[in-house]
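Undergrad: Give the three-dimensional model of this entry:
(one chain, ligands or ions: 1)
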Amino acid sequence: MNMKNTSRRPLVVGNWKMHGSLESVTTLLNFLRHELQNNTVVDVAVCAPFVHLPLCRELLTISGIQWGAQNVSEHTVGAYTGEIAASMLADLGCRYVLVGHSERRALFGEMDAMVIAKIKQVLEAGLKPILCVGETLAERECDATEAVIARQLHAVLGALTSEQLAELVVAYEPVWAIGTGKTASPEQAQAVHAYIRQLWKEKQPEQAERLIVLYGGSVKADNARLLFTQPDVDGGLVGGAALDQNQFCAIVNAAEQAWNH
Ligand code: PEP
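TA: Got it, this is the predicted structure:
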């Protein structure tokens, strides 16, 4: 029996992190647009390094695949050497921006306040933020998973209007599963996804059923299907496997199968 909520379209997003050259990105994008040309069920996007976004625009514009960035400045414009404004990402045709990825939180000191400022910039530019939340291994081991998720989500839920919140996508990414080859079990993922939806419901009752909640953390071709069949898992945020053209397409196909059966 299909347990998927058909009011939500599945979404699979690749996070390429700091990988790729003009040559490898061209090859990958040409493959994806060819292989996924008949896909009408799954929304697909790739979050590329800033410098590869013009190439995404060039090669993906007439495909159904969308593109986005992995980070953005919390400022609108001005003397911020090295930063990239959300309006610049909009100019390049981006649809999504990852915000609060655990690598940015842990390695670049991004706190909830900065995450909120970035989300506001993304929304102001008319783009969709993908808000990443998740607990570390130590936090899971001391049963603090829900407390961490609640803190990260409440910060955002309390700072934005209903209209702004309606634009968000949430990605649950347990830090211990990112790039480690360890995946949350389908049951573990489902439990946290249901909790995220419940938290949303408490603040935005009419939005909760429409909220897209992605799972991220070592999603691969061989574990995607089981994760995606969970009722509250609406797709995936895929790191390492998004760089492998066959794996990424197989993950998109797994989402399609999960929705079709
Ligand atoms: C990520 O970077 O968001 C991620 C989930 O990475 P990986 O799939 O490699 O664990």
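Undergrad: Can you get me a residue count around the closest residue in space to residue 211 that isn't next to it in sequence?
TA: The shortest distance from residue 211 to any residue other than its chain neighbours is 5.2 Å, reached at residue 200 (CB to CB, 6 or more residues apart in numbering). Using the backbone N, CA and C atoms, a C-beta is placed for each residue, glycine as well. Around residue 200 sit 21 other residues, with neighbours defined as other CB atoms under 10 Å.
Undergrad: Next, the buried residues of the helix or strand encompassing residue 200.
TA: Assigned by DSSP states H and E, residue 200 belongs to helix 186-203. For helix 186-203, the buried set under the neighbour-count rule, 16 or more other CB atoms under 10 Å, comprises 186, 188-193, 195-197, 199-200, 203.
Undergrad: Skip ahead from that helix and say which helix or strand is next.
TA: Tracing the chain past helix 186-203, the next element assigned as helix or strand by DSSP H and E is strand 213-216.
Undergrad: what are the bridge partners for residue 215, then?
TA: Assessed by DSSP bridges, residue 215 has beta-bridge partners residue 172, residue 236.
Undergrad: okay, now it: neighbour count?
TA: By other CB under 10 Å, neighbour count at residue 215 equals 31.
Undergrad: how far away is it from residue 194?
TA: 12 Å (CB to CB, to the nearest Å).
Undergrad: Contacts only, for the closest residue to residue 43 other than its chain neighbours.
TA: Leaving aside its chain neighbours, residue 43 sits nearest to residue 11 (4.4 Å; criterion: CB to CB, 6+ apart). Taking CB atoms under 8 Å, 6 or more residues apart in numbering, we find residue 11 in contact with 42, 43, 44, 45, 169, 212, 214, 234, 235.
Undergrad: does the last one really touch residue 41, like I thought?
TA: No. Between residue 235 and residue 41 there is no contact under CB atoms under 8 Å: 10.8 Å.
Undergrad: Common neighbours of those two, please.
TA: Here residue 235 and residue 41 have 10, 255 as joint contacts, going by CB under 8 Å, 6+ apart.
Undergrad: Show me which of these two is the more surrounded one.
TA: Higher neighbour count among residue 235 and residue 41: residue 235, with 31 against 15, using other CB under 10 Å.
Undergrad: mind checking how far the more buried one is from residue 142?
TA: For residue 235, the distance to residue 142 - CB to CB - is 29 Å.
Undergrad: Spatially nearest residue to the closest residue to the ligand within the chain, not counting backbone neighbours?
TA: As assessed by CB to the nearest ligand atom, the ligand sits closest to residue 239 within the chain, at 2.1 Å. The spatially closest residue to residue 239, leaving aside those adjacent along the chain, is residue 15, at 4.9 Å (CB to CB, 6+ apart).
Undergrad: got the contact list for that neighbour?
TA: 47, 70, 98, 101, 216, 237, 238, 239, 242.
Undergrad: What pLDDT does the model give it?
TA: You'll see residue 15 listed with a pLDDT of 98.
Undergrad: which residues of the stretch 101-250 of the chain fall in helices?
TA: Ranges of helices in the stretch 101-250 of the chain, per DSSP state H, counting those that start in this stretch, are 102-107, 112-124, 137-141, 145-157, 162-165, 186-203, 224-228, 245-260.
Undergrad: Please identify the most buried of the ones you listed.
TA: helix 224-228 (a mean of 23; mean count of other CB atoms under 10 Å).
Undergrad: ok so, going back, in contact with the residue of the chain closest to the ligand, which residues?
TA: 14, 15, 17, 178, 179, 216, 218.
Undergrad: Among those, which lie within strands?
TA: Judged by DSSP state E, strands contain the following of these: 14, 15, 216.
Undergrad: from the residues you listed, which is closest to residue 52?
TA: Closest approach between those and residue 52, by CB to CB: residue 14, at 11.7 Å.
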